[in-house]
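In: missing the sequence, but the structure's below:
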């Protein structure tokens, strides 16, 4: 084991967990529509807390401002780990993530390896969408 692998949590420069394993990034839109009362019937703060708690040490969960896909609020983007990207994984955009079951399905998939390493549960196909290139590039930037 290398020095960074001795269990002090994530290395912020490499995005790796204490075990040296690469991590997915779960980007949670919390802009003008997502995460607001404009999407009723969901405890948005609890959703974010649950994602962070469930994926602690497994993935980085980061809230961001508007991802410009407001017509699909709430939006969550799963970006593959380095290993997942090398295996052909690409970011997966999910919209209408407005119930706890969907968040649990996302959590289970990411914990198992995420894009490129493990196929998503079939149910997540109902949430998947392809944003415009401009929107995708804004997340990468």
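Out: Received the coordinates, thanks. As the structure is a prediction and not an experimental result, all values here were calculated from the model. Numbering: from 1, shown residues only.
In: mind checking which helix or strand residue 83 is in?
Out: helix 82-86 (DSSP states H and E).
In: who does that helix touch, helix- and strand-wise?
Out: If contacts are counted by 3 or more Cβ pairs under 8 Å, 6 or more residues apart in numbering; DSSP states H and E, helix 82-86 sits against no helix or strand. (Each C-beta comes from the backbone N, C-alpha and C, glycine too.)
In: and the helix or strand that that helix is followed by, how far out from the chain middle?
Out: Using DSSP H and E, the helix or strand that follows helix 82-86 in sequence is strand 92-94. Distance, stretch centre to chain centre, for strand 92-94: 8 Å (Cα atoms, centre = their mean, to the nearest Å).
In: list the strands paired with strand 92-94, with their directions.
Out: strand 76-79 (antiparallel), strand 128-129 (antiparallel) (DSSP bridges).
In: from those, which stretch is densest packed?
Out: The highest average neighbour count among the strands paired with strand 92-94, using mean count of other Cβ atoms under 10 Å, belongs to strand 76-79 at a mean of 24.
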